[in-house]
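Participant: Got a predicted structure here, sequence first:
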Amino acid sequence: MAVLATPALSILAALALLPAAAQAHGFVGQRFFPATLATDDPFVADELSFPTLTSTSSNADGETPATRQTALSMAFARRITPDFGLEFGANHLRIAPDGQPAARGWDNVSIGAKYQLSTNEAHESILSIGADWDVGGTGSSAVGAERFSTVTPTLYFGKGFGDLSAPALRPLAVTGTVGVAIPTRASTTTTSVDPDTGSSTTDVEHHPHVLNVGLALQYSLPYLQSQVKDIGLAAPFDRMIPIVEFTMAKPLDRVDDRRSTGTINPGVLWAGQKIQLGLEAVIPMNSRSGHGVGFMAQLHFFLDDLFPGTFGHPLLGGTR
């Protein structure tokens, strides 16, 4: 799920890799794919991300001043069947324009569904499809929450490179998403009246379809230790996964300016059996995407390991 990041996984026990952990969410064969912060991962899961704290800055644009935006987010996912799950997300925003009072409020609620199409253990690969519904009118207009909904059908994928012959490259893995955001309203028309002259002005804001692409390149030190060569890493480094995420959004129609925006997010994850910690920088990919370096920090819970009696199995049966 977006910012979101969107946005899922478990890995190792507190002191060592346990065989039982291979049945936990996020594994394909011997490959563990961690929960990613800026992009959504390809797995159906029982998980909770809370809190996720994000802070970024946008550039001034015409009469709009430069703005610092801070988001405190939560995301919850539940397996319905072994291959199908539902997701729920909410963000509380603080938007602080330069020289103006800050606005606070909830953004629109998001509801998602995901279905795992296939996994290949020998090639450490997974493919899923899903959709995210940004529910219009559920958020606050004070922080710019839209009155219309947006639905984003998405393809999710993951690939580990443990089948490569070069040992140094085998800990590498990639996950990614490709989706198109489809607004339920093509445009919004607003009319304002000048209190001094009584004249009215009509503005039309067009809402384009938007191509959203996410990519996460990761290097798993736990995989290096357990599947390639034990190089003697001690805690906490033996649980760490250096990662670089990329996000990109490109309008496809209805507007004249269709240039892309996005971020580059280098960081590191630490994955235990029951929780995962993540910290990433947020670097604008171009001047249109913002300025300065922001950050994302997340505490992620693997609910199937924390509460195996409740979340250790899909809601409608199954054991995976």
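Facilitator: Sure thing, it's come through. Residues are numbered from 1 along each chain as shown.

Participant: Just the strands from the stretch 151-300 of the chain, written as ranges.
Facilitator: Using DSSP state E, counting those that start in this stretch, the strands found in the stretch 151-300 of the chain span residues 172-183, 187-193, 200-206, 210-219, 240-251, 261-271, 275-284, 294-302.

Participant: what pLDDT, on average, does the third one get?
Facilitator: In this model, strand 200-206 has a mean pLDDT of 90.

Participant: Equivalent analysis for the fifth one, please.
Facilitator: Mean pLDDT, strand 240-251: 98.

Participant: Equivalent analysis for the last one, please.
Facilitator: Predicted confidence along strand 294-302 averages 98 (mean pLDDT).

Participant: Report the inter-axis angle for it versus strand 261-271.
Facilitator: For strand 294-302 against strand 261-271, the angle by axes from the mean of the first three to the mean of the last three Cα atoms, to 10 degrees is 40 degrees.

Participant: So which elements touch the helix or strand just after strand 294-302?
Facilitator: Sequence-wise, the next helix or strand downstream of strand 294-302 (DSSP states H and E) is helix 303-306. Where contact means 3 or more Cβ pairs under 8 Å, 6 or more residues apart in numbering; DSSP states H and E, helix 303-306 is packed against strand 47-58, helix 308-311. Where you see a C-beta, it was placed from the backbone N, CA and C, and this is true even at glycine.

Participant: Need the winner for burial among these.
Facilitator: strand 47-58 (a mean of 20; mean count of other Cβ atoms under 10 Å).

Participant: How far off centre is that strand?
Facilitator: 10 Å (Cα atoms, centre = their mean, to the nearest Å).

Participant: And the next helix or strand past it?
Facilitator: From strand 47-58, the next helix or strand downstream (DSSP H and E) is strand 67-81.

Participant: now that next one and strand 294-302, what's the angle there?
Facilitator: Using the same axes, to 10 degrees: strand 67-81 against strand 294-302 is 20 degrees.

Participant: who does the helix or strand that strand 67-81 is followed by pair up with?
Facilitator: Next in sequence after strand 67-81, counting helices and strands by DSSP H and E, comes strand 84-97. The pairing partners recorded for strand 84-97 under DSSP bridges are strand 67-81 (antiparallel), strand 103-106 (antiparallel), strand 110-120 (antiparallel).

Participant: Mind listing residues that contact the shortest one?
Facilitator: So that's strand 103-106. Contacts of strand 103-106 from elsewhere in the structure, counted by Cβ atoms under 8 Å, 6 or more residues apart in numbering, are 90-96, 138-143, 145.

Participant: how about the CA coordinates for stretch 178-192, as PDB?
Facilitator: What follows is stretch 178-192, C-alpha atoms only, in PDB (Å, rounded to 0.1, in the frame of the first residue of the first chain):
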ATOM      1  CA  VAL A 178       3.600  -0.700 -11.400                       C
ATOM      2  CA  GLY A 179       0.100   0.800 -11.200                       C
ATOM      3  CA  VAL A 180      -2.100   3.500 -12.700                       C
ATOM      4  CA  ALA A 181      -4.100   5.800 -10.400                       C
ATOM      5  CA  ILE A 182      -7.600   6.300 -11.800                       C
ATOM      6  CA  PRO A 183      -9.600   9.200 -10.400                       C
ATOM      7  CA  THR A 184     -13.300   8.900 -10.200                       C
ATOM      8  CA  ARG A 185     -13.700  12.600 -11.200                       C
ATOM      9  CA  ALA A 186     -12.000  14.100 -14.300                       C
ATOM     10  CA  SER A 187     -12.000  17.600 -13.000                       C
ATOM     11  CA  THR A 188     -13.100  19.900 -10.100                       C
ATOM     12  CA  THR A 189     -14.600  23.300 -10.700                       C
ATOM     13  CA  THR A 190     -14.500  26.000  -8.000                       C
ATOM     14  CA  THR A 191     -15.900  29.500  -8.100                       C
ATOM     15  CA  SER A 192     -14.700  32.300  -5.900                       C
END
